[in-house]
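Participant: below: sequence and its predicted model.
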Amino acid sequence: MIDNNILGPVFIHLFTGILQLIAWRKTVTQRFISGIGSFLGVLIAIRLFTKVNSDGILTLNAANWDAPFGIVFVADLLSSTLVLITSIAAFAVSLFSSTGISRQRMLYGYFPIFHFLVMGLNGAFLTGDIFNLYVWFEVIIISSFVLMTLGGRKTQLEGAVKYMALNILASTFFLTGVGILYGITGSLNMADLSEKIKMVNNQFLVGITSAFFLLGFGIKSAVFPLYYWLPSSYHTPPSAVAATFGGLLTKVGIYAMLRVFSLIFIPDDFTKQLLMVLAVLTIFTGSMGALIKLNIRRLFSYLIVCHIGFMIGGIGMFTKVALIGTLFYLFHDILVKTNMFLIAGLIRQMRGTMDLKSLGGLYAQYPKISLLIVLVLFSLVGIPPLSGFWPKVFLIKDAYAHGEYAYIFALILGSFVTLFVIARMWSEAFWKNVPEGNELEDKFEPMPLARKILLVLPIGILALVTIYIGLNANFVITLADNIADQLIDTKPYIEAVLKQKQN
Amino acid sequence: MKSPILLTASKYLLPILLLFSFFLLLRGHYYPGGGFVGGLVASIAFVLHSFAFGTEATMKILKRKPLSLIPTGLAISALSVTIPILFGLPPMTGLWLEEPIPFIGHDRIIPLL
Amino acid sequence: MEFFLVILIGLFYGAGVYLILRRSMVKLLLGIMFLGTGANILIFLLGGIVKGKPPVIDETAKMFQDIYADPIPQSLILTAIVISFALTAFAIVLLKRFYALANTDDLDDLNTPEEEDI
């Protein structure tokens, strides 16, 4: 079904960004525009989601060129759900950054770039054209470079150099893959590709091409041998920026993998096995890294890597149950990881440091906020009935059915390490008394109430959504079930995109 | 290094290049040319001028800061993308899309056909 | 023609990978640019090379009379060039800033120990 409004989530952030560019250097105005814009973004995303849920897959032919010749934008259940969750996370980050980002960074244009980044994310989720996906990826990484370097401290630039080099490399691999794909099929439309790729005689070449995509997306989503840039760069920018990155950027890689491997390169046994091995190693190295880190944000960075492995494993099994688990985990992970970095930022405001050794006494001083935070931590660990628990059930069940015992072991190990790390963080930062001889730099206590609310409210919103997902798991599982159906049986997607050819 | 040839040439090249960029813009992109190339030529005119006379002199000719030109250009391109929606057409209908990338090509104009 | 382009692509990719593996940041940047150029030529080659037949329809005709060069790879390359131009500009500024701050061009010096974090 054609709907000309599915690009709304993209345009709202584009216009928000432009308005903020006009209000350059007026930071108060920018904060208001950002809050309003992201709130409208959430509303539009909800509308898109309900519409896709009731009407089925919606498409848009840009510039009225028929598919497969023009660029097509497709909103199926997966994209619209991800757009919704991204919009919610972006709304929370936008509120948080109105106090969490220093005025200096806002003067250099933090807000417009942030909105261009969210625009890029939404665009990447909605596009149905492989080259357009590349372009949105570039929009995302250019914006993220700017966000990462804003402020320009030495450690930050250091992280940015690594981040930049690896991400440009990933894009080059992606571009090479797109080039070869166009060369062997003569199409760029993903639905069209999915039909044409089967007719290619040289299936070996198709396998090579899929390796390029795996490499490109693997770097982006921080899979085992390619993840080293992530823990060495995500701890450097301000927390609000790290929240956007940690919550959303790696997940775009996972989304792209889901999309490309379900539509174009249906994974064969070798790819599946490769993905499983990668998943196990990713979980293993990520959790080992998380064990030894004492800086909260470095620790979270390794947890991101560890949990990426869970999702890769689900993609590797590529059965319906595993995909349900992966999708559920993806939704949960975006919300919780964004929230974790926001919490790290809040702790930094309260104590002036993120080192677990010098933290302490948070529970005694802020019991209510700590209780809010503990909900999020529990959800990350996966205590039933919170949202982190359900997807793991699906993943373990399916891995058991397929005899992937190494993956089950890694999954359980990853969960235990997460539990251990979070428990240690809780006891060190919240329960322990403030270590002797540390002068506290509490910027949170003297803040006016409005600013305090702006710091805590986003964490509350995200926690609420997480709890909602956890308690209302039935709804999410049904949704993930439908999405998994769409991923495994891509006929409706292809028909929705290409059916206009007849009339 | 100040080269008299460059100094003299860029003085005359600036108006000619601007005129040429306008010509390219109006020629449209059914022929070689169009808004993108026109914008490039126009920006090259100013870049050349700034090579010859220094950035400050060029800023004086520009009268407006590049930072105020970015949102204007972006707004024009974004509007040209979204206006077709008001007529019930898909976005970008009847126009040529170039991905708007902030911070480069600040005076890129994307015309409605 | 195709044969020389294939060799050229190989050279670009090889030089790119070699330069990325060096320790100098400027060489890293050059390597990334080489890889990007190699990818662009690869798209150009895989789109099929047709000499001297631009995809422009004659004024007298209503459709293509002859084989013509595929415009899609060209537009892809144009977009990719613009993007890589932006990325390269940003990367140069970033490396310049980093050099001013850290006074080093060596990638092995990118290891500020954890204690210096905030």
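Facilitator: Cool, got the structure. Numbering: from 1, shown residues only, chains lettered A, B, ... in the order given.

Participant: work out for me the element residue 85 sits within.
Facilitator: Picked chain A for this. helix A:77-100 (DSSP states H and E).

Participant: oops, I was thinking of chain C
Facilitator: With secondary structure defined by DSSP H and E, residue C:85 is part of helix C:71-102.

Participant: give me the helices and strands touching that helix, please.
Facilitator: If you count contacts as 3 or more C-beta pairs under 8 Å, 6 or more residues apart in numbering or on different chains; DSSP states H and E, helix C:71-102 packs onto helix A:130-149, helix A:154-185, helix C:25-46. Placement of C-beta: from N, CA and C, glycine included.

Participant: reformat those helices as a markdown table; add mean pLDDT.
Facilitator: Listed next are these as a markdown table, based on pLDDT from 0 to 100:
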| stretch | mean pLDDT |
| --- | --- |
| helix A:130-149 | 90 |
| helix A:154-185 | 88 |
| helix C:25-46 | 90 |
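
Participant: those: which one's closest to chain B?
Facilitator: Of all the helices and strands packed on helix C:71-102, helix A:130-149 sits nearest to chain B, with 5.2 Å by C-beta to the nearest C-beta.

Participant: now do the end-to-end distance for stretch A:106-114.
Facilitator: Using C-alpha to C-alpha, to the nearest Å, the end-to-end distance of stretch A:106-114 comes to 10 Å.

Participant: same thing with stretch A:219-229?
Facilitator: End-to-end distance (C-alpha to C-alpha), stretch A:219-229: 9 Å.

Participant: distance from the helix holding residue C:85 to the middle of the chain?
Facilitator: Distance, stretch centre to chain centre, for helix C:71-102: 8 Å (C-alpha atoms, centre = their mean, to the nearest Å).

Participant: stretch A:473-480 too?
Facilitator: 19 Å.

Participant: got the buried residues for it?
Facilitator: For stretch A:473-480, the neighbour count (16 or more other C-beta atoms under 10 Å in any protein chain shown) marks A:473, A:476-477, A:479-480 as buried.

Participant: now stretch A:32-46
Facilitator: Buried residues in stretch A:32-46, counted by 16+ other C-beta under 10 Å: A:33-35, A:37-38, A:40-42, A:44-45.

Participant: distance to residue A:230, secondary structure and pLDDT for these - can I get that in CSV?
Facilitator: Listed next are those as CSV, based on distance: C-beta to C-beta, whole Å; DSSP: H, G, I helix; E, B strand; the rest coil; pLDDT from 0 to 100:
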residue, distance to residue A:230, secondary structure, pLDDT
A:33, 31, helix, 89
A:34, 26, helix, 90
A:35, 29, helix, 89
A:37, 29, helix, 91
A:38, 25, helix, 92
A:40, 32, helix, 92
A:41, 26, helix, 92
A:42, 28, helix, 92
A:44, 31, helix, 92
A:45, 27, helix, 92
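
Participant: neighbours around residue 56, how many?
Facilitator: In the absence of a named chain, chain A is used. Using other C-beta atoms under 10 Å in any protein chain shown, residue A:56 has 14 other residues around it.

Participant: correction: the question concerned chain B.
Facilitator: Neighbours around residue B:56, by other C-beta under 10 Å: 8.

Participant: who touches it in this structure?
Facilitator: The contact partners of residue B:56, by C-beta atoms under 8 Å, 6 or more residues apart in numbering or on different chains, come to none.

Participant: where's it, which helix or strand?
Facilitator: helix B:55-62.

Participant: put the alpha carbons of whichever helix or strand comes after that helix into CSV.
Facilitator: Sequence order places helix B:66-86 as the next helix or strand after helix B:55-62, per DSSP H and E. Taking C-alpha atoms only, helix B:66-86 is exported to CSV below (Å, rounded to 0.1, in the frame of the first residue of the first chain):
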residue,chain,number,x,y,z
PRO,B,66,28.4,30.8,5.8
LEU,B,67,26.7,29.6,9.0
SER,B,68,23.6,31.5,8.1
LEU,B,69,23.7,30.2,4.5
ILE,B,70,23.7,26.6,5.6
PRO,B,71,20.2,26.6,7.2
THR,B,72,18.9,28.7,4.3
GLY,B,73,20.2,26.2,1.7
LEU,B,74,19.1,23.3,3.7
ALA,B,75,15.7,24.8,4.3
ILE,B,76,15.2,25.4,0.6
SER,B,77,16.2,21.9,-0.3
ALA,B,78,14.1,20.4,2.5
LEU,B,79,11.1,22.4,1.4
SER,B,80,11.5,21.4,-2.2
VAL,B,81,11.5,17.8,-1.0
THR,B,82,8.4,18.1,1.2
ILE,B,83,6.2,20.4,-0.8
PRO,B,84,4.9,17.7,-3.2
ILE,B,85,3.4,16.0,-0.1
LEU,B,86,1.0,18.9,0.1
